[in-house]
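Enquirer: have a look; sequence and predicted model below, questions after that.
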Amino acid sequence: MSPSLTTGAPWRVILAFSVPLLIGNVVQQLYQFVDTIVVGRQLGVDALASVGATGSLLFLLLGFAWGLTSGFAIPTAQAYGAGDARAVRRSVAVGTILTGAMSILLTIAAPLLAEPALAAMQTPPELMDDAVVFAQVSFLGAAATMFFNYLAAIIRAIGDSRTPLWFLTLACVLNVGLVILLVGPVGWGVAGAALATVVAQGISVVLCLEYLRRRLHELHVKRDDWRVTRAEIWEHLRLGLPMGFQASIIAIGTLAVQVALNELGADAVAAWTAGSRVDSLATALLASLGLATSMYVAQNVGAGRPDRIRRGVVQATWISVIGSIALGVLLITTGSMIVEVFVGDSAPDVVDLAHRMLIINASCYSVLGVLFVLRGALQGLGHAMIPTITGVIELVARVVAAVALGSLWGFDGVAWSNPLAWIGAVIILIPAYVREHRRLARMPITSTVFTETTPIPVVGPTNSSLVVDAVLTSPIALPGAINAPRGRRGLLRGRRGSRAR
C-alpha cells in the first residue's frame, strides 16, 4: 500500500510529499534547460529565440493537457482517502479513457495549427522556420506527454510522489544524451532537440506502466470497471476541464506577452526565453507545494478530516512564503550569472534584460507561493469555479500589463505582467479560501474506527525477560463503543509502565 496523507503532522506530510515533486519539477525543467543550453550555444541566439517563440503555444495546448490530467486524479485521491477500492479503479478507468481521447485529438490537430498560430503571434520572419519545426515535432509527441502526466498524477493521488521522480530522472538522463547527439553530431537542429524530449517522455510512460503492473495492484482496472457511466465521466470532466482551461487561459496571457516581446526584437525574445527557464526552475518549489496541498486536501476530504485540511493549508502557506523569500533573494543576487550559462558572455544585452526580468518576478514570489497553495487547496476540495475565475483574472491582468506597460516601458513593462497577474488572482483566492476555512471548522470529524482485531504494536526490551514494559501506540476500542470519537468515551490509551506477564 502507498503511504496515506491522512495521518501524521500535516506540515511534515505535505513537505515530505512535495520534496519528490520538487525534484521532479526540477528534472522536468532540465529537459528544457538542456535544450536551451545546447541550442543556444551550438546553433546560436536566433535558434534559441526560435525555440522560445514556441513556448507560449506549447503551453497553451500541452498546459491544457497537464491541467486536465491533474484534475482527473482528484477523484482518485478522494476515493483512496475514503478507502473505496472500487471507486479508485473506476476513477483510473475514466481518466485513462479521457486521456486517450485528448491525446488523439492533440496529435492530429495541433501540428496543423502550429504554423498559422505562430504567424498570428507575429513571430519574427528570421525565427519562423525553426519555430514551426520545433512546435510540430513537440505536438506529434503530445500523447507521450499526456500519458506520463496522467500516470504520474494517479500514482501521486495514492500518496506516492517518489516513484514518478525516478522514472522522470531516468528519462532526463536519456534526454541529455539524445539532445546532444541529435543537435550536434547528427545535425538535426531544433527538430532534434524536440525529438529528444518526446522520446524521453515516451520511455517514462513505459516505465510507469510497468511499475503499475508489477507493484500498484490497487490501481489495476478490472473488466467491469471499464463500463463507465456518464455521471463518472462528467465528474472527472467537471474537475479536469476547469484545471485544463485554467492552464490554457494563463497560456493565452503568455501569448499576449509573446506578441509584445516579438515586437521588441530577437534579443528580447532570447532574454525572455533564458530568464523564463531560470524562473521556472526557481518556482518549481512553489508549484510542488501547490500540487502536494491539492493531493493532501483531496485525500483528507475522502477521509472526513476537515481539521487536518485546515491545519495543513495554513502550514503549507507558511512554508511557501518562507521558501519564496529565500528564492527571491537568491535570484536577485545571482540571476545574471545563471543566465550566462545559457547564452554565454557574448550577449551582454540579453543577460541584462533577463536579469531585470528575474528581479521583477523574484520580488513577488511570496504572492505566487500563496497563489499555488490556496488554489491547490480549493481544487483538492473539489471546487472548479474559483480556480477558473482566477485564471481569467490572470489573463486579463497579464494582457493589459503586457500591452499597456510594454508600450510605455518596453521590456520592463512586459516583465511586470507576471507579478500583476499573480496579485490579481490572489485577491480572489484569499477570501474564497477563508470562506472554505470557516466552513470546514463547522464540519464534523470522521473518527477512526478501531476493532477488536486492530494490531497494537508493543515495544519493550529484547533481552528475553519475562516481564516487559509495554507501550500501546494505538487507541483500543472497548466493546460497545467502536464508533465513539477519538479521545472520548470508549477509548483507552496505554501508558508506559503497564506490566505484561
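Expert: Happy to help now that I have it. Numbers count the residues shown, from 1 in each chain.

Enquirer: how about the strands of the protein, start to end?
Expert: Secondary structure of the chain by DSSP state E: the strands cover 468-470, 476-477, 491-492, 498-500.

Enquirer: mean pLDDT for those strands: which is lowest?
Expert: Note on these: strand 491-492 shows the lowest mean pLDDT, a mean of 30.

Enquirer: mind listing the helices for the stretch 51-200 of the chain?
Expert: Along the stretch 51-200 of the chain, the segments classed as helices by DSSP state H, counting those that start in this stretch run 55-81, 85-120, 125-140, 142-157, 163-183, 189-214.

Enquirer: how about those, which one is nearest S363?
Expert: helix 55-81 (22.5 Å; Cβ to Cβ). Placement of C-beta: from N, CA and C, glycine included.

Enquirer: now the closest one against helix 125-140, angle please.
Expert: Here the directions of helix 55-81 and helix 125-140 differ by 20 degrees (axes from the mean of the first three to the mean of the last three Cα atoms, to 10 degrees).

Enquirer: one step back: of the helices of the stretch 51-200 of the chain, which is nearest G328?
Expert: The stretch from the helices of the stretch 51-200 of the chain with the least distance to G328 (Cβ to Cβ) is helix 55-81; that distance is 22.7 Å.

Enquirer: gap between that closest one and the chain center?
Expert: Here helix 55-81 is found 8 Å from its chain centre; the criterion is Cα atoms, centre = their mean, to the nearest Å.

Enquirer: now do the lengthiest helix in the chain: distance to the chain's middle.
Expert: Using DSSP state H, we find that the single longest helix of the chain is helix 306-343. Counting by Cα atoms, centre = their mean, helix 306-343 is centred 15 Å from the centre of its parent chain.

Enquirer: for this protein, name the helix or strand with the lowest mean pLDDT.
Expert: Scoring the helices and strands of the chain by mean pLDDT, DSSP states H and E places strand 491-492 at the bottom, with a mean of 30.

Enquirer: low-confidence regions, the stretch 351-500 of the chain specifically.
Expert: Applying pLDDT under 70 to the stretch 351-500 of the chain flags residues 447-500.

Enquirer: surely R238 touches A384?
Expert: Yes - using Cβ atoms under 8 Å, R238 is in contact with A384, at 6.0 Å.

Enquirer: mind checking which of those two has more residues around it?
Expert: Taking other Cβ atoms under 10 Å, R238 and A384 do not tie; A384 has more neighbours (20 against 14).

Enquirer: tell me the phi and psi of that one?
Expert: With angles defined as degrees, to the nearest 10, A384 sits at phi -110, psi -30.

Enquirer: could you do G159 as well?
Expert: Dihedral pair for G159: phi 100, psi 0, per degrees, to the nearest 10.

Enquirer: what's the pLDDT at it?
Expert: If you check G159, the pLDDT there is 85.

Enquirer: if we can go back for a sec, quick one: closest of the helices of the stretch 51-200 of the chain to T6.
Expert: helix 55-81 (5.7 Å).

Enquirer: could you list every helix and strand in contact with that closest one?
Expert: The contact analysis (3 or more Cβ pairs under 8 Å, 6 or more residues apart in numbering; DSSP states H and E) places helix 55-81 against helix 85-120, helix 125-140, helix 142-157, helix 230-264, helix 284-303, helix 365-380.

Enquirer: figure out which of these is closest to L60.
Expert: Comparing the helices and strands packed on helix 55-81 under Cβ to Cβ, the one sitting nearest is helix 230-264, at 3.8 Å.

Enquirer: show me the shaky parts of the stretch 201-350 of the chain.
Expert: For the stretch 201-350 of the chain, the ranges with pLDDT under 70 are 342-344, 346.

Enquirer: repeat that for 50
Expert: Applying pLDDT under 50 to the stretch 201-350 of the chain picks out no residues at all.

Enquirer: what number of residues lie near W318?
Expert: Using other Cβ under 10 Å, W318 has 12 other residues around it.

Enquirer: ok, it - contacts?
Expert: Taking Cβ atoms under 8 Å, 6 or more residues apart in numbering, we find W318 in contact with W11.

Enquirer: ok, now with 10 Å
Expert: Counting by Cβ atoms under 10 Å, 6 or more residues apart in numbering, W318 makes contact with W11, G369, V373.

Enquirer: likewise for P306?
Expert: Taking Cβ under 10 Å, 6+ apart as the test, what P306 contacts is 297, 300, 381, 436-437, 439-446.

Enquirer: contact partners for P419?
Expert: I360, N361, A362, S363, C364, Y365, V367, L368, A397, R398, A401.

Enquirer: give me the number of residues near M337?
Expert: M337, neighbours per other Cβ under 10 Å, totals 10.

Enquirer: these two touch, right, it and V351?
Expert: Yes - assessed by Cβ atoms under 10 Å, M337 is found in contact with V351 at 9.1 Å.

Enquirer: thinking again about what came up before, turn the helices and strands packed on helix 55-81 into TSV, columns for distance to I180.
Expert: What follows is those, written out as TSV (distance: least, Cβ to Cβ, whole Å):
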stretch	distance to I180
helix 85-120	25
helix 125-140	17
helix 142-157	20
helix 230-264	28
helix 284-303	23
helix 365-380	32
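
Enquirer: which stretch among the helices of the stretch 51-200 of the chain comes nearest G253?
Expert: G253 sits nearest to helix 55-81 of all these, at 8.8 Å, using Cβ to Cβ.

Enquirer: the closest one: which residues count as buried?
Expert: 55-81 (16 or more other Cβ atoms under 10 Å).

Enquirer: go on, stretch 407-425?
Expert: Burial within stretch 407-425, assessed by neighbour count using 16+ other Cβ under 10 Å, is assigned to 411, 413-425.

Enquirer: would JSON lines of those with distance to G391 be doable?
Expert: What follows is the buried residues of stretch 407-425, written out as JSON lines (distance: Cβ to Cβ, whole Å):
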{"residue": "F411", "distance to G391": "25"}
{"residue": "G413", "distance to G391": "22"}
{"residue": "V414", "distance to G391": "20"}
{"residue": "A415", "distance to G391": "21"}
{"residue": "W416", "distance to G391": "19"}
{"residue": "S417", "distance to G391": "15"}
{"residue": "N418", "distance to G391": "14"}
{"residue": "P419", "distance to G391": "16"}
{"residue": "L420", "distance to G391": "15"}
{"residue": "A421", "distance to G391": "10"}
{"residue": "W422", "distance to G391": "12"}
{"residue": "I423", "distance to G391": "14"}
{"residue": "G424", "distance to G391": "10"}
{"residue": "A425", "distance to G391": "8"}
